[in-house]
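Novice: Fold the following.
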Amino acid sequence: MADPPADLRSDTVTRPTTAMRAAMAAAEVGDDVFGDDPTVNALEAEVAALFGHQAALFCPTGSMANQIALQLLVPPGGELLAGADAHVVSYESGAAAALGGISTRTWPSAGAALDAGQIAAMIRPAGYPSVATRAIAVEQTHNLGGGGIVDLDTLRALRAAADAAGVTLHCDGARIWHAHIADGVPLRGYGELFDTLSVCLSKGLGAPVGSLVVGSADRMAEARLLRKRLGGGMRQVGILAAAGRYALAHHLTRLADDHARARRLASALEPLGVVDATGVRTNLVMLDLGKAPLDAPSLVAAAAERGVLLAAMLPRTARLVTHLDVDDADIDRAIDVLTTLLTA
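Specialist: Next comes the predicted model:
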């Protein structure tokens, strides 16, 4: 039987470990819509405490968690500022507008290299005829920015600008765990800078399902109503919350292994002119195929035929992601296959 492919398409492809499955099977459960699933309640309290906030709400997906947070911060007809390539703008099916009545305005695509002054200058006050800016969204780490980390000084400057203008600040923290491990910034240090955060358990941490919205107790009470409205009310979901609790306990510090493998992959491919290895900080490796012999869809198809899976993000940009189910042999295989294809 052929070896399974080296799957570097995303860190969402991980499968629960044997120990995680055991934790799920043993989970004590209740009805979460009634608020009496003890495992969910424990997970929410744990995550809220990690970020120094009062409360959290377990959601089935990161997109739902983001959209709940945005609706908490921006009333219908209000404006959200975000990066042009932000997940909340580009990868959530227009939900902010379609479901929340939220107007978005974007700063030019810059990945994690944000200019706090530029963003501050975009904030519009209330009053005719402008649409009032009500919130700013930041992505940490930044997906299309190659897993880049928004540095703490920039976040503090954005917090100061938001406070001065009377607007709120949201963190799409799907991979904030990676920033914490890479830079050593305490999760509470990030949490104190944001009014709301969304954090994902099913990417780098390897849980099968789940994200949480984090914020004040009052906001999370409203968030519970929004989750129900969006169809996210769940019942004996402690089975899934148990996977998240296991992931936090056992898979957080090991993210450093994913970072090391991503750097090794990037360093091996750097001589081909498709990546700057010094820019690889976490678990994402973006390949710039502008001068390569293959565009992204062609490279993805050719690599898949040779047992290496990666993702086409843009016509000439491909992405590789290291994660719990990628080992050193998979990295070796990816290096060999991609080197062959990109030097043909």
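Novice: any idea of the mean pLDDT in stretch 287-304?
Specialist: For stretch 287-304, the mean pLDDT works out to 96.
Novice: ok, and what's touching it?
Specialist: Defining contact as Cβ atoms under 8 Å, 6 or more residues apart in numbering, one finds that stretch 287-304 is touched by 5, 269, 272-275, 309-320, 334, 337-338, 341-342, 344. Using the backbone N, CA and C atoms, a C-beta is placed for each residue, glycine as well.
Novice: Which of these fall in helices?
Specialist: Among the contacts of stretch 287-304, the members found in helices (DSSP state H) are 269, 334, 337, 338, 341, 342.
Novice: Can you select the buried ones from those residues in ChimeraX?
Specialist: A single ChimeraX command selects the buried members of the ones in helices among the contacts of stretch 287-304 (16 or more other Cβ atoms under 10 Å):
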select :269,334,337,338,341,342
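Novice: now, among the ones in helices among the contacts of stretch 287-304, which is nearest to residue 66?
Specialist: Distance to residue 66 across the ones in helices among the contacts of stretch 287-304 (Cβ to Cβ) is lowest for residue 334, with 30.3 Å.
Novice: thought the closest one was touching residue 6?
Specialist: Yes - using Cβ atoms under 8 Å, residue 334 is in contact with residue 6, at 5.4 Å.
Novice: what is in contact with those two at once?
Specialist: Contacts common to residue 334 and residue 6, judged by Cβ under 8 Å, 6+ apart, are residue 308.
Novice: Now tell me what touches the helix or strand hosting residue 96 from outside.
Specialist: Applying DSSP states H and E as the criterion places residue 96 in helix 95-100. Contacting residues not belonging to helix 95-100 are listed as 63, 67, 70-71, 74, 76, 80, 88-89, 102-104, 230 [Cβ under 8 Å, 6+ apart].
Novice: how about 7 Å then?
Specialist: 63, 67, 70, 71, 74, 76, 80, 88, 102, 104 (Cβ atoms under 7 Å, 6 or more residues apart in numbering).
Novice: Would you mark the buried spots in that helix?
Specialist: Under the neighbour-count criterion of 16+ other Cβ under 10 Å, helix 95-100 has 95, 96, 99, 100 buried.
Novice: got it, and stretch 155-162?
Specialist: Within stretch 155-162, judged by 16+ other Cβ under 10 Å, the buried ones are 155, 157, 158, 159, 161, 162.
Novice: How about stretch 210-218?
Specialist: 210, 211, 212, 213, 214, 215, 216.
Novice: What ranges does this structure have for its strands?
Specialist: Chain-ordered strands for the chain, with DSSP state E as the definition, fall at 6-7, 55-59, 79-83, 103-107, 133-139, 168-173, 196-200, 211-215, 284-288, 308-309, 311-314, 317-321.
Novice: Switch the ones you listed over to a markdown table; also include distance to residue 23.
Specialist: Putting those into a markdown table (distance: least, Cβ to Cβ, whole Å) gives the following:
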| stretch | distance to residue 23 |
| --- | --- |
| strand 6-7 | 24 |
| strand 55-59 | 16 |
| strand 79-83 | 36 |
| strand 103-107 | 39 |
| strand 133-139 | 30 |
| strand 168-173 | 23 |
| strand 196-200 | 18 |
| strand 211-215 | 18 |
| strand 284-288 | 28 |
| strand 308-309 | 28 |
| strand 311-314 | 30 |
| strand 317-321 | 25 |
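Novice: and residue 30, which of the ones you listed is closest to it?
Specialist: Short answer: strand 55-59, nearest of those by Cβ to Cβ, at 12.8 Å.
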